[in-house]
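Asks: could you work out the structure for the sequence below:
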Amino acid sequence: MYKPALNMGTIFAALAVILGAFGAHALKNMLPDDQLKIFETGVRYQFYHSFALIITGITYQFIPAKQFKVATILFLIGILFFSGSLYAMSILTSKGISIGMAGIITPIGGLFFIAGWCCFLLGINNKKE
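Replies: Sure, this is the predicted structure:
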């Protein structure tokens, strides 16, 4: 197993639960519905990729390919960029603060997610049968 992926996946999953509860309870009364949906999208993708990290860490035990280590880094950066930017965007926009060009961080985070899945694919096909 690859413990860094398992550790980070577990930490980010726990944080997703905390952020989801924060959004459902505290932010529900503070954010307009459209901004709350943006926040919830960040939580959802953080959960998906927390599980991706855990799966990556477990898969590495059976197929110890370096692509899984790269996928771990790409998934982590994707969570930080994609979900993190959505959290910031939803809260700041609701306060009337423009994020300007910083909004480009979200699709860049999405590209990191895609690259992570591509590395995962390369890793599982690295094993010679």
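Asks: need the contact list for the residue nearest to the spatial centre of the chain.
Replies: The C-alpha lying nearest the average C-alpha coordinate of the chain belongs to residue 79 (Cα atoms, centre = their mean; 2.6 Å). When contacts are counted by Cβ atoms under 8 Å, 6 or more residues apart in numbering, residue 79 is found next to 12, 45-46, 49-50, 109. Placement of C-beta: from N, CA and C, glycine included.
Asks: need phi/psi at it.
Replies: Backbone torsions for residue 79, taken as degrees, to the nearest 10, come to phi -60, psi -50.
Asks: so it versus residue 73, what's the distance?
Replies: Residue 79 is 11 Å from residue 73, where distance means Cβ to Cβ, to the nearest Å.
Asks: now the closest residue to residue 20 other than its chain neighbours, what's its secondary structure?
Replies: Here the nearest residue to residue 20 in space, its sequence neighbours aside, is residue 43; by Cβ to Cβ, 6 or more residues apart in numbering that works out to 4.6 Å. Counting by DSSP: H, G, I helix; E, B strand; the rest coil, the backbone at residue 43 sits in helix.
Asks: so who does residue 43 touch?
Replies: Contacts of residue 43 by Cβ under 8 Å, 6+ apart are 16, 19-20, 23, 83.
Asks: among those residues, show me the least confident.
Replies: Between those, the one the model trusts least by pLDDT is residue 23, at 91.
Asks: and the helices in this protein?
Replies: Along the chain, the stretches classed as helices by DSSP state H are 3-25, 33-62, 66-78, 84-94, 105-124.
Asks: winner for burial among those?
Replies: For these, ranked by mean neighbour count under the definition mean count of other Cβ atoms under 10 Å, the leader is helix 66-78 at a mean of 21.
Asks: and that helix with helix 84-94, angle?
Replies: 10 degrees (axes from the mean of the first three to the mean of the last three Cα atoms, to 10 degrees).
Asks: what about helix 66-78, distance to the chain center?
Replies: How far helix 66-78 lies from its chain's middle: 11 Å, per Cα atoms, centre = their mean, to the nearest Å.
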